[in-house]
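K.L.:
Predicted model and sequence below, questions to follow.
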Amino acid sequence: MANWKKKLNRELDGIVRAMPSEFAPAAATVRAEATRRKRRIFRFTAVASACALLLGILLPILIVLAPFDPNTGGVILMQINPAVRLYTDEEGDVTAVYSENAEGDMMLADSNFTSSLQGVPASEAVKKLAERALAMGFVSEGEDAVRLTVAADRSSYAEQLQSTAETSAAEYFCGKGLFVPVLSRTVPLSFFGEGKNVQQLTQQALEAPVTETERGAAATSPEQVEENYRSSLYDYAREVTDYVYRTARMKKEMLAQIEALNEQIMAHADNPRPLGIPLSYWTLKYSSGYELTEALSALIRQTDAVLSEYNARFGQDLQSTDGYLLFLALNSFYIALDLQLLEENVNALLSLAENFAEIFDPSAFLRFIAGDSTMEQTVADLFSGIGEIPKTVEEYITSSMEMLQRQADLALQENKTDFTAVLPPLSYEEYGAKLQELREQFKNFEDFWNSFQ
């Protein structure tokens, strides 16, 4: 084939040379243009092939080394009244915890609890925080809601975190038999501060103390330690005295209820009355040889329940054989206790501490509750070792964190009975229907949230 083409070209060249001269330039021009066209096609094809080869080699490298949408994790802000942030890695595990207010500080006051939030999936950490908030009395059905605000490097990841966190919190409260609305939203990452990605924000959180209390104490200048400590101690004393008011009021009411039930038992027509003397609850409970009617037994069971609740709340056993004497002593004290006068006297002590730069003296307060030795000991322990003014910032931090820890323990103790109460679980369908009813009452998310504030 190639020899044939060469032979043909030679013959054509001969013909051209034999033609008149006016045709020769035109024919030469045609051949030259054809040659140039072939060369251009070859160069274009070569360049295209080289570009395709280069793109095939470099594109996978560029995708690996320079992703267009990096994902370093997410941030979840959980608010009830306590406000706590959770930072997560790209796998959804918690890498840092950060409190935003005083109530959040109380939830994170126990370092063991705070540590338990680290390294677990965000959904599990949210459930732990929901449980902690309920245990401390920060959640009441019909009065509180939970708001989850979520951000991440990728919007798709933020939506995933939002969904799992909302479901986890709602399932926890439903399991406890409580309707607590869980509201959630996603926001831009800038909502949580300046930083190119979650990893940078997490690093900032890790470099700061977990609680606002410690951050504030650490930022105190040496010259301000005494003044700030007096203020902190005043606030703490107010929390303790408020606890005493609440506890004294509840004890007074429950002791009166126990007394009324005992009087009903003694006045009941079925009371055995040996020698004409009516028998008390405690005598009938622990004496043998008396045949009790169902009506009288029902009253005794009712008294059992109140005494069991009293013991669970306050740690004073009035139900045992020796409980009658303790009941008589406590009931006598609380009948005589004037709660209004108690409040006035304590407010006077607090006013001295606030207005005259005095250190709150718990001994003056203890004499008002000396008739209840358990309450007296509890308050003495709450003030033990924190009445001296710190000399350094480090001592101030230690004292502040000790007060925070004691306040958190007090909240857990005070709400223990309500927290451990067993209620029928709420199905997710029932929860959804109740939530929809609420949503229909409000125009937008913020109005819905603010209705619980």
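P.N.:
Yep, it's here.
K.L.:
and Pro390, that one's in a helix?
P.N.:
No. Assigned with DSSP: H, G, I helix; E, B strand; the rest coil, Pro390 falls outside any helix and is coil.
K.L.:
three-state assignment of the nearest residue to it once chain neighbours are set aside?
P.N.:
Excluding its sequence neighbours, the residue lying closest to Pro390 (CB to CB, 6 or more residues apart in numbering) is Tyr396, at 4.2 Å. Every C-beta, even on glycine, is put in place using the N, C-alpha and C of the backbone. Secondary structure assignment for Tyr396 (three-state DSSP): helix.
K.L.:
what sits against the residue positioned nearest the centre of the chain?
P.N.:
By CA atoms, centre = their mean, the chain has its centre lying nearest to Leu129, at 3.8 Å. By CB atoms under 8 Å, 6 or more residues apart in numbering, the residues touching Leu129 are Met78, Pro82, Val84, Leu86, Met107, Leu117.
K.L.:
where's it, which helix or strand?
P.N.:
helix 122-135 (DSSP states H and E).
K.L.:
For that helix, list the C-alpha coordinates in PDB.
P.N.:
Backbone C-alpha positions of helix 122-135 (Å, rounded to 0.1, in the frame of the first residue of the first chain) are rendered in PDB as follows:
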ATOM      1  CA  ALA A 122     -22.600  12.500  71.700                       C
ATOM      2  CA  SER A 123     -25.900  10.800  72.000                       C
ATOM      3  CA  GLU A 124     -24.800   9.000  75.200                       C
ATOM      4  CA  ALA A 125     -23.300  12.200  76.600                       C
ATOM      5  CA  VAL A 126     -26.600  14.100  76.000                       C
ATOM      6  CA  LYS A 127     -28.500  11.300  77.800                       C
ATOM      7  CA  LYS A 128     -26.100  11.600  80.800                       C
ATOM      8  CA  LEU A 129     -26.600  15.300  81.000                       C
ATOM      9  CA  ALA A 130     -30.400  14.900  80.800                       C
ATOM     10  CA  GLU A 131     -30.200  12.400  83.700                       C
ATOM     11  CA  ARG A 132     -27.900  14.800  85.700                       C
ATOM     12  CA  ALA A 133     -30.300  17.700  85.200                       C
ATOM     13  CA  LEU A 134     -33.200  15.700  86.400                       C
ATOM     14  CA  ALA A 135     -31.300  14.400  89.400                       C
END
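K.L.:
how near is the residue nearest to the centre of the chain to Val97?
P.N.:
Between Leu129 and Val97 the computed distance is 9 Å (CB to CB, to the nearest Å).
K.L.:
Identify the contacts common to those two.
P.N.:
Listed as contacting both Leu129 and Val97 by CB under 8 Å, 6+ apart are Val84, Leu86, Leu117.
K.L.:
how about those in JSON lines, adding pLDDT?
P.N.:
Formatted as JSON lines, those follow (pLDDT from 0 to 100):
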{"residue": "Val84", "pLDDT": "98"}
{"residue": "Leu86", "pLDDT": "98"}
{"residue": "Leu117", "pLDDT": "97"}
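K.L.:
Show me what the helix or strand that contains Thr247 is packed up against.
P.N.:
Thr247 is part of helix 225-267, with elements assigned from DSSP H and E. Contacts defined by 3 or more CB pairs under 8 Å, 6 or more residues apart in numbering; DSSP states H and E place helix 225-267 against helix 281-286, helix 294-314, helix 323-336, helix 339-355, helix 373-383, helix 393-414.
K.L.:
List the buried residues for the fourth one?
P.N.:
Neighbour counts using 16 or more other CB atoms under 10 Å place Leu342, Glu343, Val346, Leu349, Leu350, Ala353, Glu354 of helix 339-355 among the buried residues.
K.L.:
Helix or strand next in line after it, which one?
P.N.:
From helix 339-355 onward toward the C-terminus, using DSSP H and E, the following helix or strand is helix 362-366.
K.L.:
list the helices and strands that following helix packs on?
P.N.:
Right, helix 362-366 is packed against helix 339-355, helix 373-383 by 3+ CB pairs under 8 Å, 6+ apart.
K.L.:
can you dump the C-alpha coordinates of that helix into CSV?
P.N.:
What follows is helix 362-366, C-alpha atoms only, in CSV (Å, rounded to 0.1, in the frame of the first residue of the first chain):
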residue,chain,number,x,y,z
PRO,A,362,-22.5,29.7,110.4
SER,A,363,-22.4,29.2,114.2
ALA,A,364,-24.9,32.1,114.6
PHE,A,365,-27.2,30.4,112.1
LEU,A,366,-26.8,26.9,113.6
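K.L.:
on that earlier part again, what separation is there between the residue nearest to the centre of the chain and Ala208?
P.N.:
Leu129 sits 19 Å away from Ala208, going by CB to CB.
K.L.:
ok, how many other residues are close to Leu404?
P.N.:
Per other CB atoms under 10 Å, the neighbour tally for Leu404 reads 23.
K.L.:
That one touches Gly216, doesn't it?
P.N.:
No. If you go by CB atoms under 8 Å, Leu404 and Gly216 don't touch, sitting 11.0 Å apart.
K.L.:
that older thread, in TSV, list the buried residues of helix 339-355 along with pLDDT.
P.N.:
Shown next, in TSV, are the buried residues of helix 339-355 (pLDDT from 0 to 100):
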residue	pLDDT
Leu342	89
Glu343	89
Val346	85
Leu349	82
Leu350	84
Ala353	72
Glu354	73
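K.L.:
circling back: which one of the helices and strands packed on helix 362-366 has the lowest average pLDDT?
P.N.:
The minimum mean pLDDT among the helices and strands packed on helix 362-366 belongs to helix 339-355 (a mean of 84).
K.L.:
Which neighbouring elements make contact with that helix?
P.N.:
Short answer (3+ CB pairs under 8 Å, 6+ apart): helix 339-355 packs on helix 225-267, helix 362-366.
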